[in-house]
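Student: Give me coordinates for this.
(chains A and B)
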Amino acid sequence: MPQFTDEEIKAKVREGYVVESPEEMTDGYRKALVVQLTVQADTELMSAPAYWMAARHAPSANTQVSAHAIIQDELAHANIAYRLLEDLGESKEHLVYGRQPHEFKHPYGFDQPLENWAELVVANGFFDRAGITLLSDVYQNTSYGPLKRALVKVDMEETFHLRHGEVWMRRLAKAGGEARDMVQRAVDWMFPMTIEWFGLPDDLKRHSGQLEYRLKGLTNDELRQVWMQSTVPLCAQLGLEVPAHWDDEKQEFVLDYPFPCRYDAGVKHWLFQEGQITWDEVFERWKARGPMNEAYVESIQRSRGTVERWLDSRAAA
Amino acid sequence: MREFVYEVFARKDRGEPLTHIGYVDALDDETARVYAWKTYDEQNWFEMCVVRRSAIVPVNRTDGPFAANRRGTP
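Tutor: Numbering: from 1, shown residues only, chains lettered A, B, ... in the order given. Purely as a prediction, here's the structure:
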């Protein structure tokens, strides 16, 4: 079994070497992979209670079924990612049931309440599109074999979530009136929320282990552009306004608002008029977590101890 | 709750190879069957089976997830 130094493993994966087992990893590689998988697993996990609480607003039996099918997929994806973490020596038990709500690593977007059907379908259209953008890049570029194989299923299902979101965004937007207004209101807070999701801009990000170990292929700004390449034209086609446009000169999408900026979570409103803030302020908001963080984590963890006590007392008897 | 790792194998159709598609943690064979079928439902599988990881005997590798099951030397 090969033993590499950090520099050697970075050079090997650049040439296409596929890492298959934890024994081949350097400490740096393992740590970068653990961070990446934890964010991935926590994001899938926390999308489940967010979508679950929103699924009450489904307008028919069929839409109830599709909303819950999406929730089931997300839980399975989380389970798969935590299982991969166990092979790296992490404890799924601790990660899912042993952490405080603020210790989870999912994006701030999944700390927000989804309060009507329009918000749920825009979440499918925007957040799941962000998920596909990030995970297809990982699928195409990752140097870790077990993760690449696990993502075949995940990518297939996320595509269904996205289609669900886009079909319903189209249906509501075309209906006009109140339906269209509800979608526009959801887009107004969720578009900047997803833009922020991709993280620090490249000119501020000095160094990325995930790129050097080839755990992903594109930078944060490149991923943000990929997301906008699908999302901005879709919204234009549906007659929905978004604060971004294509710039012919720069040959890229540019934002029409100060980025990053403040967010009032209580009223779901971005404070564009207050101007640009620093990323330190953004990190502070993320660290403080959003309004639904505790409720979502509680809904995942609540019954674990009780059922375990029942089973243990039966085993002891 | 003591769970075991089960490897999941499936075949899309007659004539297709049985392929490793993932894993589940489960209390026993019966729950592993349920979890595997419910988790890996992205295809209408022709055949699916689960194998407890500890039952897989590696032939040529000394590293990776099955290394612990290796007895003696080749």
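
Student: So, low pLDDT: which residues of the chain?
Tutor: This is for chain A. Applying pLDDT under 70 to chain A flags residues A:1-2, A:206, A:317.

Student: was after chain B, sorry
Tutor: B:71-74.

Student: Could you rerun that using 80?
Tutor: Within chain B, the stretches with pLDDT under 80 are B:1, B:64-65, B:71-74.

Student: For residue A:160, grab the count of nearby residues.
Tutor: When neighbours are counted by other C-beta atoms under 10 Å in any protein chain shown, residue A:160 registers 16. Glycine gets a C-beta too; all of them are placed from N, C-alpha and C.

Student: what secondary structure does it sit in?
Tutor: Following DSSP: H, G, I helix; E, B strand; the rest coil, residue A:160 is assigned to helix.

Student: check contacts around it.
Tutor: Taking C-beta atoms under 8 Å, 6 or more residues apart in numbering or on different chains, we find residue A:160 in contact with A:70, A:73.

Student: just residue A:102 next, same as before
Tutor: Applying C-beta under 8 Å, 6+ apart, the residues contacting residue A:102 are A:287, A:288, A:289, A:293.

Student: okay, the residues you listed in JSON lines with neighbour count, distance to chain B and secondary structure next?
Tutor: Formatted as JSON lines, the contacts of residue A:102 follow (neighbours: other C-beta atoms under 10 Å in any protein chain shown; distance: C-beta to the nearest C-beta, whole Å; DSSP: H, G, I helix; E, B strand; the rest coil):
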{"residue": "A:287", "neighbour count": "9", "distance to chain B": "31", "secondary structure": "helix"}
{"residue": "A:288", "neighbour count": "12", "distance to chain B": "33", "secondary structure": "helix"}
{"residue": "A:289", "neighbour count": "20", "distance to chain B": "28", "secondary structure": "coil"}
{"residue": "A:293", "neighbour count": "20", "distance to chain B": "26", "secondary structure": "helix"}
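
Student: What separation is there between the residue lying closest to residue A:241 once chain neighbours are set aside and residue A:178?
Tutor: Once flanking residues are discounted, residue A:241 sits nearest to residue A:184: 6.7 Å by C-beta to C-beta, 6 or more residues apart in numbering or on different chains. Using C-beta to C-beta, to the nearest Å, one obtains 11 Å as the distance from residue A:184 to residue A:178.

Student: more neighbours, these two?
Tutor: Higher neighbour count among residue A:184 and residue A:178: residue A:184, with 19 against 10, using other C-beta under 10 Å.

Student: host element of that one?
Tutor: Using DSSP states H and E, residue A:184 maps to helix A:177-197.

Student: How far off centre is that helix?
Tutor: 17 Å (C-alpha atoms, centre = their mean, to the nearest Å).

Student: From the contact counts, what lies against the helix or strand immediately after that helix in the chain?
Tutor: Using DSSP H and E, the helix or strand that follows helix A:177-197 in sequence is helix A:209-212. Contact analysis of helix A:209-212 by 3 or more C-beta pairs under 8 Å, 6 or more residues apart in numbering or on different chains; DSSP states H and E lists helix A:27-55 as its packing neighbours.

Student: Residues in contact with stretch A:78-96: which ones?
Tutor: A:22, A:30, A:33-34, A:37-38, A:40-42, A:44-45, A:48, A:98, A:146-147, A:150, A:153-154, A:300-301, B:5, B:22-25, B:39, B:65.

Student: Filter the residues you listed down to the buried ones.
Tutor: A:22, A:30, A:33-34, A:37-38, A:40-42, A:44-45, A:48, A:146-147, A:150, A:153-154, A:300, B:5, B:22-25, B:39, B:65 (16 or more other C-beta atoms under 10 Å in any protein chain shown).

Student: So what does the nearest residue to residue A:253 once chain neighbours are set aside have for phi and psi?
Tutor: Spatially, and ignoring its direct neighbours in sequence, residue A:253 is nearest to residue A:228 (4.0 Å; C-beta to C-beta, 6+ apart). Note on residue A:228: its backbone torsions stand at phi -70, psi -30 [degrees, to the nearest 10].

Student: What number of neighbouring residues does residue A:228 come out with?
Tutor: Count around residue A:228 with other C-beta under 10 Å applied: 24.

Student: what sits against residue 33?
Tutor: Since you didn't name a chain, this refers to chain A. By C-beta under 8 Å, 6+ apart, the contact list for residue A:33 reads A:25, A:88, A:144, A:147, A:213, A:215.

Student: I was after chain B.
Tutor: residue B:50.

Student: any idea which element it lies in?
Tutor: Element membership of residue B:33, judged by DSSP H and E, is helix B:29-39.

Student: now that helix: how far from the chain's centre is it?
Tutor: 11 Å.

Student: Can you give me the buried ones in that helix?
Tutor: B:31, B:32, B:33, B:35, B:36, B:39.

Student: Mind checking which of the contacts of residue A:33 are buried?
Tutor: Buried among those (16+ other C-beta under 10 Å): A:25, A:144, A:147, A:213, A:215.

Student: The third one - nearest residue in space that isn't next to it in sequence?
Tutor: When you say that, I think you mean residue A:147. Nearest residue to residue A:147, sequence neighbours excluded (C-beta to C-beta, 6+ apart): residue A:84, at 6.1 Å.

Student: Tell me the spacing between that neighbour and residue A:32.
Tutor: Counting by C-beta to C-beta, the gap from residue A:84 to residue A:32 is 14 Å.

Student: And the two? Which one has more around it.
Tutor: More crowded of residue A:84 and residue A:32, by other C-beta under 10 Å: residue A:84, with 23 against 20.

Student: Just to be sure, residue B:59 is in a strand?
Tutor: No. Under three-state DSSP, residue B:59 falls outside any strand and is assigned coil.

Student: burial count for it?
Tutor: Number of residues near residue B:59 (other C-beta under 10 Å) recorded here: 8.

Student: Now do residue A:106 against chain B, distance only.
Tutor: 20 Å (C-beta to the nearest C-beta, to the nearest Å).

Student: Touching, that residue and residue A:40? I think so.
Tutor: No. With contact defined as C-beta atoms under 8 Å, residue A:106 does not reach residue A:40; the gap is 9.3 Å.
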